[in-house]
Structures are given as C-alpha cells and as structure tokens.
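In: based on what follows, work out the 3D shape:
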Amino acid sequence: MAFDMFRGPSPRPGPWVALILLLLLAVFWVAVPAKAETYPAKPVKLVIPYPPGGGTDITGRAMAQTLSEILGQPVIIENKPGATGMIGAAAVAKSPPDGYTVLFGAASEMAINASLFRSMAYDPRADFEPVSLVATFPLVLVAPAGSTRSLQEMIDASRSTPDSISYGSIGSGSPQHLAAELLASMAGVKLLHVPYKGSGPLVQDAVAGHVDMAVSSVPPAVPLVRGGKLRALAVTSAERSAALPDVPTMAELGFPGYAFNTWVGVALPKGTPPEIVERLRAALVTALEAPGVKAALRDQGAVPAGSSAEQFRRFVQEEVARSDRIVARAGIQPE
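Out: Numbers count the residues shown, from 1 in each chain. So this is what the prediction gives:
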C-alpha cells in the first residue's frame, strides 16, 4: 500500500484500472509497427501529373501493374495534369500522409519549376517524403535530314553571329529547354530558342527544316531518325543511349562533363511513416526488375535507376540547385 506522509495511505488501483493501463501500453508499442506491417490494406492511388499517353504516363502504368502484384493491392492510376505537373504534385502534397496517395512525378514539377516560379502551392524539397528515383531519360539533339552541318559547325556559327542558330523545345522552362541552355553555356554561345506545344509539332517542324536543331525526348525522334527524316547529332546523357547506340554523347563531341537527363521518381506526402516509405521503396526496386517494366523503360529509351530514399532526397536537391543555375544564367522565364 502506498503511503503519503500528509494524507495517509492511498487506495490501491482496482484491477480494471491496471487492465486499462496495460491496454494503453500495448497500443502505444504495437500500433505504429502494425500499421506499417499491414500496409497496404486497401488500394493505392498513383497520381501521374500528366495526360494519358505521354512518357511519364506509359512508365507509370507499367510500374502500377507490377506494383499491384507485389503489394497485393490494386494500384490505381489517376491522371491529374495541368500547370506543367504542378496541379497533380500539389494534390499529393496536401493528401493524408498514410501511403495511399503516391506521386509518380517528373523533373519539371519535382525540381525545375522551383527555379522558375516565385510562388508555388508546394515545395518539392520540403513537402514530400522521397521514396525512390525510378528512371532517367536521355534527350536527343536532332537536325533536319538535309542539314549537313555538324554540332560543332553550328556552335561555331553561333559564336560569330549570336542567335543565328535556332533550336526547338517543348516549351520555355522544359527539360529540353534547360538541356540546350546548358550546352550554350558550356560552349559560350547564344542560341535562338523556339518553343513548341509538345513533341509532335516540335519534331514535325524539325523535319520540315523550320528550326536548325531540336531537343527531343527519345521515343518520338527514334523512328524519324531511323527513317532518314531527322539526323541525330548527340544524346544528352553521360553514356550513349541503347535506343540510339550510334549517336555520340555531348562529352564525346567536345563538351566534357556535359550530362542532362530528364527523370521520373516516386514521392509521398510529408510525414508519411518511414516504415511505409521503405515498404513502397522496396516494392519499386523489385518492380524495376520485372520484364514488363524493363520493356516499357527500354521502349522509352530510359535507364532504370532505383535508389534509397535519402539518395533520392539529395538528388532532388541537387537537381533544383542545377536548375537554379541554368535558369539564372539563361534568364529563362516561365510561359
């Protein structure tokens, strides 16, 4: 029996009080791990912030199908396009941090836009729990088939007459735009940027010779290169692309250290328990080994790139910092 020197003996707690205390302790120690161990207990929504049919969507759908098998729950695609990916990304950032709303994001909304816009509905560096980098995508610099000038000859022409060489991209502030401006900065030249509303009009105008060069994603360019309608000058990755093995890298053409890829990765809302982040990350890494996913990535000219959550966090921070430098140096303004 407990004794208080001022109040005398205190009554012993009843059995029911002890039982409640034991139950509370059990909940405290068991509830959080149990939640992570049972994840996912219902369908998972994979938000793709772009319309159906594009590269990010195609890759995301291939991943979703395999993830459903690995996780044992349906992984449902929700396309939420708009504002170069920012509408979908903002929706995920504001979702409950329970692992059931997942962002399948790309370079623009997860890095580049932070360098372009003064005000955003989310901060890609602070409002997400990074899960894993999924894949990197090289870009390809192409010229009309009838053009006989090499990349170096076009660079030399730009040195003597700034803005005399034009290039097309899919829009101001796009990865294609930044890739070209990084090249211009390293070469010390000024190129004339011509923005287009998507890859279709871009490659069509390149075939017609309306621009001297175009920076394109690999899939729409490959059939035109193989069909002799476009001439591939260089790929933007550090290594040659398996989709265009005969096309040199920028480094091979005299720009050592040049490397610029677009990419996709997965993130969860800030505050998602680390056990759930790791469960999803492990599933993603496993999915990247599946034959169907490998085929989908190969068709996009992509390179699988599973990572740890911390590696992906640092990667996003480095990508934002690099975008800051390119945007500031080139004076890029959002459309």
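In: C-alpha from now on. contacts and neighbour counts both.
Out: OK.
In: Leu151 and Gly265, how far apart?
Out: 32 Å (C-alpha to C-alpha, to the nearest Å).
In: could you do Glu310 as well?
Out: From Glu310 over to Gly265 (counting by C-alpha to C-alpha), the distance is 13 Å.
In: more neighbours, those two?
Out: When neighbours are counted by other C-alpha atoms under 10 Å, Gly265 comes out ahead of the other of Glu310 and Gly265, with 25 against 13.
In: does that one belong to a helix, a strand or coil?
Out: strand (DSSP: H, G, I helix; E, B strand; the rest coil).
In: show me what contacts it?
Out: Gly265 sits next to 104-106, 131-135 when contact means C-alpha atoms under 8 Å, 6 or more residues apart in numbering.
In: which residues of the chain fall in helices?
Out: Counting by DSSP state H, the chain has helices at residues 15-38, 55-71, 86-93, 107, 113-116, 151-160, 175-187, 199-208, 218-226, 274-287, 291-299, 309-330.
In: for those helices, which one sits closest to Leu233?
Out: helix 151-160 (6.4 Å; C-alpha to C-alpha).
In: so how far is the closest one from its chain's centroid?
Out: 32 Å (C-alpha atoms, centre = their mean, to the nearest Å).
In: with stretch 42-54 instead?
Out: That offset, for stretch 42-54, works out to 13 Å (C-alpha atoms, centre = their mean).
In: quick one: contacts of that stretch?
Out: 56-58, 60, 64, 73-82, 84-89, 92, 99-105.
In: same question, stretch 219-227
Out: When contacts are defined by C-alpha under 8 Å, 6+ apart, stretch 219-227 is touched by residues 140, 142, 199-200, 203, 230-232, 243-244, 299-301.
In: run the chain-centre distance for stretch 283-298.
Out: In terms of C-alpha atoms, centre = their mean, the centre of stretch 283-298 is found 16 Å from the chain centre.
In: model confidence over stretch 267-283, on average?
Out: Stretch 267-283 carries an average pLDDT of 98.
In: now do the end-to-end distance for that stretch.
Out: Stretch 267-283: ends 13 Å apart by C-alpha to C-alpha.
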